[in-house]
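Trainee: the sequence isn't on hand, but the structure is:
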């Protein structure tokens, strides 16, 4: 049972990034405008969310040495993408409020949830598939 416990974290973090990435694909221009990003940067964020979510899942089913990426490399690449996006969200949109509840000063809420996503991403960046 413990052998498969990593899937609880993989599915949780991937589902969040895939959901938000898909939402941005539907109107990347609106996301760019809301955040004050160029459309190019907005697409990079969107692709990092989608790519990170996919790679963290694909990395879980691959073994090291499978294909050009291998399991640990796919896991770490996806985790790196997600960590960068989470850190960017913390710094650019949610700092310094902690609580995820929106407030007058932070209409998108604080950084509590994004810090959790960052820590899970860093875990997979560090361990890769070594705990599978």
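Mentor: On my side now, so go ahead. Since this is a predicted model, take the numbers as computed values, not measurements.
Trainee: low-confidence stretches in the chain?
Mentor: 131-132 (pLDDT under 70).
Trainee: do that again at 80, thanks
Mentor: 1, 64-70, 100, 106-108, 130-132 (pLDDT under 80).
Trainee: those helices in it, which residues are they?
Mentor: 6-26, 28-35, 39-61, 71-89, 112-127 (DSSP state H).
Trainee: from the chain's centroid, how far away is the longest one?
Mentor: Read it as helix 39-61. A distance of 7 Å separates the centroid of the chain from that of helix 39-61, by CA atoms, centre = their mean, to the nearest Å.
Trainee: which positions in stretch 103-118 come out as buried?
Mentor: Buried residues in stretch 103-118, counted by 16 or more other CB atoms under 10 Å: 106, 109-111, 113-115, 117-118. Bear in mind the C-beta positions are built from the backbone N, C-alpha and C, glycine included.
Trainee: what is the end-to-end distance of it?
Mentor: With CA to CA, to the nearest Å as the measure, stretch 103-118 spans 22 Å from end to end.
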